[in-house]
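1. Have a look at this prediction, sequence included:
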Amino acid sequence: MPIHLEIVTAERVVMSDDVDMINAPTKDGRVGILPRHSPLMTILDVGELTIVKNGERTPFALSGGFMEVLPNRVTILADTVERADEIDEERAERARVRAEERKRSSQSEQDMIKAEAELRRAMVRLRVAQLKRRRGE
């Protein structure tokens, strides 16, 4: 018995499908969601969102948002989310380099925090893009 998943951003519906499992990064750590999960509302963190359907794992790069879990439905309201095949690996690498440079040259604590957040997002995008390449997609 699958669970229905909807992933939505301000711009588009990224996914609306029945899946077997969801593994998401939350502010309190990773959480795995299976059908008939207890109701839950949580804040999502920057990280890799993994969906499993028919034994196939699909990674997404997630930059935060909210997740509502009901026993038969999960809704993810994401700040941004990208499937591996949507990520330009070269662009993500350039973003990583810029974020590292910005972090090194930070003049204030606020600049350092922003640079670290940018670096985390770039690293997640790179990791998800590299997963796609390793699987030969």
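-> Right, received. Where do you want to start?
2. Paired strands for whichever strand or helix holds Ala61, with orientation please.
-> For Ala61, the enclosing helix or strand under DSSP states H and E is strand 56-70. Strands that pair with strand 56-70, judged by DSSP bridges, come out as strand 40-53 (antiparallel), strand 73-78 (antiparallel), strand 81-83 (antiparallel).
3. in that strand, what's buried?
-> 58-65, 67, 69 (16 or more other CB atoms under 10 Å). Glycine gets a C-beta too; all of them are placed from N, C-alpha and C.
4. secondary structure class for Ala92?
-> helix (DSSP: H, G, I helix; E, B strand; the rest coil).
5. how close does it sit to Pro35?
-> Computed as CB to CB, to the nearest Å, the Ala92 to Pro35 distance reads 33 Å.
6. the more surrounded of these two?
-> Legend: neighbour count by other CB atoms under 10 Å for Ala92 and Pro35, higher for Ala92 (22 against 16).
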